[in-house]
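Visitor: what's the 3D shape of this:
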Amino acid sequence: MKIPALHYYDISPNAIAFSSTRHGGYGNGNYKEFNINLFCGDSPEAISKNKTALCRELGIEESALVFPHQIHQTRGVVIDKEFLGLPESERKEKLEGFDYIATQEKGICIGVSTADCVPVLLYFSNPQTIAAIHAGWRGTLKRITLKAVEELKKNQGVNVESCRAIIGPSISREAFEVGDEVYESFQSEGFDMPSISTRINGKWHIDLWKANAMQLESAGICAENIRTSGICTYYNNADYFSARRQGINSGRIFSGILIKQKA
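Guide: Numbering: from 1, shown residues only. Here you go, the predicted structure:
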């Protein structure tokens, strides 16, 4: 059994948070080596082996690994005891079409898949709650990160002062060149363009890391509790999947978080 090479984050002594890399798995070609995303064209056999290896590394059952089918919108799903008691077919249906996922259950690894889009991992100590957010440029434009925190405050009662946040491997400002229409979309939505954009060689570049960090701060999370990995997937494609480098028929990074059983 291969051991997936994970990039771990120091988010809390009571939680495990990580992003997968392209090492320590069973994929080939554009999926080499580690992918567990079901919707990007990878071999089902490789995906199954990689999921088994990941769960073994985390010390959990495969039924405790839960992630949604993302569609670049802003809806979220909360994993509770009722969900965990459902058969696999119903679980799959209830995970369709969500771009953030949260839980207060211990020992359940939740996460999101990305390949240039921004993964945001959240840990709240009061009450103990975790979340994973998929923020591509469309989700960032729709302020999914801000909406997710606001919904967790309303529905789960989280205290934002107790939050620690990680912005994981994703495309950097330098690599994320966009057309005028994308720039204008962010501008029309009221984003602080001097803070999140730069003109390089006549082309606009958007800083999705900064845009999502600003949303976290707008939600009340202290800036000192927000950490950005600083890993650009485009420039570090040997270690992390990048759709801009490889095309959409390639693997995905899995960024996950779980509350330890003894936490």
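
Visitor: confirm that residue 17 sits in a strand.
Guide: Yes: under DSSP: H, G, I helix; E, B strand; the rest coil, residue 17 falls within a strand.

Visitor: let me know the pLDDT of it.
Guide: With respect to pLDDT, residue 17 has a value of 98.

Visitor: ok, it to residue 188 distance?
Guide: Using Cβ to Cβ, to the nearest Å, residue 17 is found at 34 Å from residue 188. C-betas here are computed from N, CA, C, even on glycine.

Visitor: so the two - more neighbours on which side?
Guide: residue 17 (25 against 9; other Cβ atoms under 10 Å).

Visitor: and that one, how far from residue 122?
Guide: 9 Å.

Visitor: identify the contacts common to these two.
Guide: Residues touching both residue 17 and residue 122 (Cβ atoms under 8 Å, 6 or more residues apart in numbering) are 166, 257.

Visitor: burial of residue 57, as a residue count?
Guide: 17.

Visitor: in three-state terms, label it for me.
Guide: What three-state DSSP gives for residue 57 is helix.

Visitor: got any ranges where the stretch 151-263 of the chain has weak pLDDT?
Guide: For the stretch 151-263 of the chain, the stretches with pLDDT under 70 are 263.

Visitor: any idea how far residue 106 is from residue 232?
Guide: 33 Å.

Visitor: please say which of the two ends up with more neighbours.
Guide: Counted by other Cβ under 10 Å, residue 106 and residue 232 do not tie: residue 232 has more neighbours, with 20 against 16.

Visitor: ok, for that one, nearest residue in space, not its chain neighbours?
Guide: residue 172 (3.7 Å; Cβ to Cβ, 6 or more residues apart in numbering).

Visitor: next, count neighbours for the one you found.
Guide: Around residue 172 there are 20 residues (other Cβ under 10 Å).

Visitor: same check on the one 10 residues further on?
Guide: Each residue near residue 182 was counted by other Cβ under 10 Å, and the total is 17.

Visitor: contacting residues for it?
Guide: 137, 204, 206.

Visitor: quick one: the strands in the stretch 101-250 of the chain?
Guide: Along the stretch 101-250 of the chain, the stretches classed as strands by DSSP state E, counting those that start in this stretch are 109-114, 118-125, 128-135, 163-167, 177-178, 197-200, 203-206, 226-228.

Visitor: so can I have JSON lines of those showing distance to residue 98 and mean neighbour count?
Guide: Shown next, in JSON lines, are these (distance: least, Cβ to Cβ, whole Å; neighbours: other Cβ atoms under 10 Å):
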{"stretch": "strand 109-114", "distance to residue 98": "9", "mean neighbour count": "27"}
{"stretch": "strand 118-125", "distance to residue 98": "14", "mean neighbour count": "26"}
{"stretch": "strand 128-135", "distance to residue 98": "9", "mean neighbour count": "27"}
{"stretch": "strand 163-167", "distance to residue 98": "19", "mean neighbour count": "24"}
{"stretch": "strand 177-178", "distance to residue 98": "25", "mean neighbour count": "16"}
{"stretch": "strand 197-200", "distance to residue 98": "29", "mean neighbour count": "14"}
{"stretch": "strand 203-206", "distance to residue 98": "24", "mean neighbour count": "19"}
{"stretch": "strand 226-228", "distance to residue 98": "23", "mean neighbour count": "18"}
